[in-house]
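Q: How does the following fold in three dimensions:
(chains A and B)
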Protein chains: 2
Amino acid sequence: MSNENIARRGLMLVLSSPSGAGKTTLSRRLLDSDGKISLSVSATTRPMRPGEVHGRDYHFIGQEEFAAWIADGRFLEHASVFGNRYGTPRALVEASLNDGRDVLFDIDWQGTQQLKEKARDDLVSIFILPPSHEELERRLRARAQDSDDVVAGRMAKAADEISHWPEYDYVIVNTSLDKALADIQAILNAERLRRTRQTGISEFVSRLV
Amino acid sequence: MSNENIARRGLMLVLSSPSGAGKTTLSRRLLDSDGKISLSVSATTRPMRPGEVHGRDYHFIGQEEFAAWIADGRFLEHASVFGNRYGTPRALVEASLNDGRDVLFDIDWQGTQQLKEKARDDLVSIFILPPSHEELERRLRARAQDSDDVVAGRMAKAADEISHWPEYDYVIVNTSLDKALADIQAILNAERLRRTRQTGISEFVSRLV
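A: Numbers count the residues shown, from 1 in each chain, chains lettered A, B, ... in the order given. Next up, the predicted model:
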């Protein structure tokens, strides 16, 4: 018998960062390397794009249905981006957690705050910081022809997101992608070993002594 | 800049387990493999043995001095074992934590309870369980000539210690020493990345944006 065979409740892992801190790459690499965590599938009112699959990429629903889901408390968090609405369906996440599977959320500080209110004990939140001001600016200057004004605007937006680091459980400085991924994996592995998540320990101990 | 260069407060890592669960071996391997954690040096009233060094193995002090230290609140925890007294001097641990160094404690549930009362935020506690009843009994039957009564007595003592697993932050089943060591190291690495321990993040962020 090992911890892997003991029943446990899944956890909700939140990664947040300003753009330019490597969060998207880290999320993808984590999903590729760890078989027990999957990305939360959101519901959205935006039209399906070619190649997208309903239920895999998003749950595509209408404006009225979206509003009804909010009214029924069926979202853990929701937001509007450029006129389209996005939300995390509570039932899908709950089913994963009950089944011992972890769910990854690639969301900003506002989404994180909403999740915290509704799922405090299941939530593990990580804020990812860039290694330096110079490196952040370099990453935000996506194209050589970007004007200084455009870059300054992105930097202001990044600074606003960064100001919310004190609301997270863990803070990782992304100096190297390999090291940052190892840090995220260590946090995930550790949180899986938390007594409160290992719902089968009590039964295991009863057969031990 | 990486997390390693950011000032942080050290943590107190407690490993507890019944005898026969591999705690002593795991403690030694952790100390050998991780350069940032060291074993707490206790004060004791028992006589120094050949080869022991004052300040390295123990702080050897007299009965009266020990009683005075208790009265002055200079111990984080203390206990009597076979008439000798053992205690953890608060000042030494505090100096390590302030310096960003972690301290390992190989103590039982009673010592852990005392540490919890005095140092809740600095404490990370792990309980190590044996993989099965059969394996626990095998490990407790140290010598072939041990009578069933002797083994049953050890098993009762182990069962008493095991009953305190719900008081710990993390629970690890020691199925393989390598896996259990990796689990402990993951917990240690994760806890080092906790926002609340990284006292230098605020200053780092102020230079970032």
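
Q: can you pull out the helices in chain A?
A: A:23-33, A:63-71, A:90-98, A:109-119, A:133-140, A:148-162, A:177-192, A:201-208 (DSSP state H).

Q: Pick the most deeply packed of those helices.
A: Counting by mean count of other Cβ atoms under 10 Å in any protein chain shown, helix A:177-192 has the highest mean neighbour count of the helices of chain A, with a mean of 20. Quick note: C-beta positions are derived from backbone N, CA and C, even for glycine.

Q: Okay, angle between that one and helix B:177-192 too, please.
A: Orientation check (axes from the mean of the first three to the mean of the last three Cα atoms, to 10 degrees): helix A:177-192 against helix B:177-192 gives 100 degrees.

Q: I'd like the distance between residue A:202 and chain B.
A: Counting by Cβ to the nearest Cβ, to the nearest Å, the separation of residue A:202 from chain B is 8 Å.

Q: Over to residue A:109?
A: 13 Å.

Q: what's the answer for residue A:24, then?
A: Taking Cβ to the nearest Cβ, one finds residue A:24 at 19 Å from chain B.

Q: Excluding chain neighbours, what is closest to that residue?
A: residue A:106 (6.9 Å; Cβ to Cβ, 6 or more residues apart in numbering or on different chains).

Q: Next one: that neighbour, what pLDDT does it get?
A: Each residue has a pLDDT score; the one for residue A:106 is 89.

Q: Wait, it touches residue A:25, no?
A: No. Counting by Cβ atoms under 8 Å, residue A:106 stays clear of residue A:25, with 10.9 Å between them.

Q: hang on, the earlier thing: got a markdown table for the helices of chain A, with mean pLDDT too?
A: Formatted as a markdown table, the helices of chain A follow (pLDDT from 0 to 100):
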| stretch | mean pLDDT |
| --- | --- |
| helix A:23-33 | 94 |
| helix A:63-71 | 96 |
| helix A:90-98 | 95 |
| helix A:109-119 | 93 |
| helix A:133-140 | 90 |
| helix A:148-162 | 91 |
| helix A:177-192 | 97 |
| helix A:201-208 | 94 |
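
Q: Mind putting these into JSON lines with distance to residue B:56?
A: JSON lines is the format used below for the helices of chain A (distance: least, Cβ to Cβ, whole Å):
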{"stretch": "helix A:23-33", "distance to residue B:56": "42"}
{"stretch": "helix A:63-71", "distance to residue B:56": "64"}
{"stretch": "helix A:90-98", "distance to residue B:56": "48"}
{"stretch": "helix A:109-119", "distance to residue B:56": "46"}
{"stretch": "helix A:133-140", "distance to residue B:56": "44"}
{"stretch": "helix A:148-162", "distance to residue B:56": "45"}
{"stretch": "helix A:177-192", "distance to residue B:56": "31"}
{"stretch": "helix A:201-208", "distance to residue B:56": "36"}
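
Q: Looking at those, which is nearest to residue B:179?
A: helix A:177-192 (10.8 Å; Cβ to Cβ).

Q: Tell me which other helices or strands the closest one touches.
A: Here helix A:177-192 touches strand A:12-16, helix A:23-33, strand A:123-129, strand A:170-173, helix B:177-192, going by 3 or more Cβ pairs under 8 Å, 6 or more residues apart in numbering or on different chains; DSSP states H and E.
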